[in-house]
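Okay, structure incoming, though there's no sequence with it:
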Ligand SMILES: Nc1ncnc2c1ncn2[C@@H]1O[C@H](COP(=O)(O)OP(=O)(O)OP(=O)(O)O)[C@@H](O)[C@H]1O
Ligand SMILES: [Mg+2]
């Protein structure tokens, strides 16, 4: 349901060309939970950005949910992001001037839902992340873990097919990271496909599949990483 | 449509928005009152003087020779002027509208210095006065040549002729209850000298443009015997500029016992008379333009800063599904809200300021439509000013969401 064939991404600056992805081929099945690992600069974020339609690619074919997205207009890509993809970022990316409720509301407004529908969805996801009593707190009044939960709620409110997370626990201590991880696992069990970039091996191995990136290419499995699902 | 969250976000970041809104408010208040002043001055400048301004010029003749004969000079000059090619008509008189200096008198409906006295500007003319000034006789009749008196300030004779022609405004001031029926009525000058109104002219301004009763004027059938007199000359349409130097030369040469001075057109006279007002209008337009430009630049500055500061937020919104149009709309809408607060506050300040100015400077109150007009202008300025930065915001890549720290 998400497949890339020979996708390349080249960043050009005046002095150098960086091959962030080289003939990258990869596919994801419905309901998968994939961890992406690899050294810094290996192209993990690039892959995630292309998968999430945040960036265009130089060559190759990318199909999302059966649709070839290679030649879509900017507005069409925005619409697809809004409907099919939820993003979770390392530094949460909540809008600082908006409270929890309004933050979760942001993608729903772009979706064009009516006020009653939005309210229903917002209340449901805020309850799910356990912050129902803090709907009108500002991000600055929440802990990092809570902020990331709000970001997850925001990503989920539109009921996307995919959840893309770039080091979602990178700014959290291990206890908060664990609770975020548990939340992601729960979401995956409920049917949402997740692709998560992480540096932490013990989180990476809790995924169903791992892809190990190196210099813009996919290795099969990270050496020495034994997936919990595989061993179970 | 997304006013709610934009408004709430702005409330959490009040100061800079408030400063811009305040700037818009003050610009609006000043703009509205400047427009009120401009309108008032323009109205004043647009008042017709009643005379044929395009074709009239005037000059002074000052006799200096010991044997200078005023009466002979006037008779000879008028004769020569009226025959001069290109000249339509000419008279000897004391002043012209807008000139600044004139003769004022008072008229009463009843004799006696305890009776109400209404101020009036006096124009001494002969039977050619109406034609020369190009004023419009709307009632009664003109003077006949035999009704014109010579007045010698040194000799005896009657001080005032017993006939006059009034402007419509003067007739209304004297007889407010029957302004259409003034011809034939007797009024009194210098307390108790009776004067019969024989005609009405539509309009002729006094020489003083700021006088509140500027349209109160009377024509008096008299030529004053003085060595310094003023001739008013109306040319055939289009011949004024050509005829002026010729007339000046002819007069100077025809009688060497006097000099010709201060030749001016009515057009010049009007311009000089309203010099201060047109300067004021230009100054106000300049000040308001500058203020509006500064406000516009302030909006550009604030919006640019806010786009730069929020680039990660913009990228995040794009990642969450905002189209470029949605981003553009966000900043346009945000500006619209600031502008709205500004212009509403501005309308209140403007009205307050106007009430004070009306009392302090005797200004006419602003026309109601100036307020919505100024609001519209400032809304437009705001939207134009914010468009550049807002457009820049739409160019923020959604990848900024993951790349920016
Ligand atoms: N906008 C850009 N312009 C030029 N080069 C870029 C740009 N973005 C990324 N790169 C380069 O592309 C390569 C891949 O970057 P990417 O961010 O995908 O790595 P990563 O695996 O996510 O690294 P990290 O673990 O440090 O986040 C790097 O060499 C990086 O310098
Ligand atoms: Mg990265």
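All right, it came through fine. Just so it is clear, the model here is predicted, and its values are computed rather than measured. Ligands and ions are numbered 1, 2, ... in the order given.

any idea how far residue A:153 is from the residue of the stretch 251-400 of chain B found nearest ligand 1?
Closest to ligand 1 within the stretch 251-400 of chain B is residue B:399: 7.1 Å, counting by C-beta to the nearest ligand atom. Any C-beta I mention is one placed from the backbone N, CA and C, and that applies to glycine too. According to C-beta to C-beta, to the nearest Å, residue B:399 and residue A:153 sit 23 Å apart.

that older thread, just checking, the residue of the stretch 251-400 of chain B closest to ligand 1 touches residue A:49?
Yes: with contact defined as C-beta atoms under 8 Å, residue B:399 and residue A:49 form a contacting pair (5.2 Å).

For stretch B:181-194, give the mean pLDDT please.
Stretch B:181-194 shows a mean pLDDT of 85.

oh sorry, the question was meant for stretch B:149-156
Averaged across stretch B:149-156, the pLDDT comes to 72.

In the stretch 301-405 of chain B, which residue sits nearest chain A?
residue B:321 (2.4 Å; C-beta to the nearest C-beta).

returning to what we had before: what's the neighbour count on the residue of the stretch 251-400 of chain B closest to ligand 1?
19 (other C-beta atoms under 10 Å in any protein chain shown).

which element is the residue nearest to residue B:175 when sequence neighbours are not counted on?
In space, and not counting its chain neighbours, residue B:175 is closest to residue B:182: 5.2 Å by C-beta to C-beta, 6 or more residues apart in numbering or on different chains. For residue B:182, there is no enclosing helix or strand under DSSP states H and E.

Angles on the backbone of residue B:182, please.
Note on residue B:182: backbone dihedrals following degrees, to the nearest 10 are phi -100, psi -30.

just to revisit the earlier point, for the residue of the stretch 251-400 of chain B closest to ligand 1, what are its contacts?
Applying C-beta atoms under 8 Å, 6 or more residues apart in numbering or on different chains, we find residue B:399 in contact with A:49, A:54, A:55, B:315.

Residue for residue, what is the longest helix the chain has?
No chain in the question, so chain A it is. Longest helix of chain A, by residue count under DSSP state H: helix A:174-189.

Hmm, no, I was thinking of chain B.
Max-length helix for chain B by DSSP H is helix B:324-361.

can you map out the strands along the chain?
Unless you meant another one, I'm taking chain A. Along chain A, counting by DSSP state E, strands occupy A:2-12, A:17-28, A:33-37, A:59-64, A:67-68, A:85-88, A:162-166, A:193-197, A:209-214, A:217-219.

try chain B instead
With strands called from DSSP E, chain B shows them at B:56-63, B:87-93, B:103-108, B:118-125, B:137-140, B:149-151, B:163-167, B:186-189, B:193-201, B:217-224, B:228-235, B:258-265.

Show me how chain B divides into domains.
For chain B, automatic domain parsing gives the domain ranges B:3-46+B:275-402, B:65-256.

Could you identify which of the ones you listed has the lowest mean pLDDT?
Averaging pLDDT over each of the domains of chain B puts domain B:65-256 lowest, since it has a mean of 87.

measure the residue nearest to residue B:199 when sequence neighbours are not counted to residue B:189 for me?
Take residue B:199 and drop its neighbours on the chain: the residue closest to it by C-beta to C-beta, 6+ apart is residue B:140, 3.4 Å away. Distance, residue B:140 to residue B:189, using C-beta to C-beta: 18 Å.

gap between the residue sitting nearest the centre point of chain A and ligand 1?
Nearest to the mean C-alpha position of chain A, by C-alpha atoms, centre = their mean, lies residue A:164 at 1.3 Å. As judged by C-beta to the nearest ligand atom, to the nearest Å, residue A:164 and ligand 1 stand 13 Å apart.

for residue A:130, same thing?
Taken as C-beta to the nearest ligand atom, the span from residue A:130 to ligand 1 is 29 Å.

so residue B:346 makes contact with residue B:377?
No: using C-beta under 8 Å, residue B:346 makes no contact with residue B:377, being 10.9 Å away.

The two: which has the busier surroundings?
residue B:346 (27 against 17).

quick revisit: return the most buried member of the strands of chain B.
Greatest average neighbour count among the strands of chain B goes to strand B:163-167 (a mean of 26), per mean count of other C-beta atoms under 10 Å in any protein chain shown.

gap between that strand and the chain center?
Offset of strand B:163-167 from its chain centre (C-alpha atoms, centre = their mean, to the nearest Å): 27 Å.

okay, the angle between that strand and strand B:103-108?
100 degrees (axes from the mean of the first three to the mean of the last three C-alpha atoms, to 10 degrees).

strand partners of strand B:163-167, parallel vs antiparallel please.
strand B:193-201 (parallel), strand B:217-224 (antiparallel) (DSSP bridges).

outside of that strand, which residues touch it?
By C-beta under 8 Å, 6+ apart, strand B:163-167 touches B:50, B:120, B:130, B:137, B:140, B:142-143, B:147, B:174, B:182, B:187, B:195-204, B:215-221.

tell me the angle of it relative to strand B:118-125?
Going by the same axes, to 10 degrees, strand B:163-167 makes 110 degrees with strand B:118-125.

Pull up the per-residue confidence for residue A:149.
91.

if I look at it, how far off is residue B:396?
Computed with C-beta to C-beta, the distance linking residue A:149 and residue B:396 is 26 Å.

Next: residue B:33.
Here residue B:33 is placed at a distance of 41 Å from residue B:396 (C-beta to C-beta).

and what of residue B:60?
75 Å.

ok, now residue B:304?
13 Å.

more neighbours, those two?
A count of neighbours by other C-beta under 10 Å puts residue B:396 above the other of residue B:304 and residue B:396, at 23 against 17.

roughly how far apart are the closest residue to the more buried one other than its chain neighbours and residue B:165?
Leaving aside its sequence neighbours, residue B:396 sits nearest to residue B:314 (C-beta to C-beta, 6+ apart; 4.3 Å). Distance of residue B:314 to residue B:165, computed by C-beta to C-beta: 77 Å.

Stretch A:86-95 spans what distance, first to last residue?
The first and last residues of stretch A:86-95 sit 16 Å apart, counting by C-alpha to C-alpha, to the nearest Å.

Give me the residues contacting stretch B:373-382.
By C-beta under 8 Å, 6+ apart, the list of residues contacting stretch B:373-382 reads B:24, B:27-28, B:31-32, B:35, B:292, B:295-296, B:299, B:335-336, B:338-340, B:342-343, B:346-347, B:350.

I'm done for today, thanks for sticking with me.
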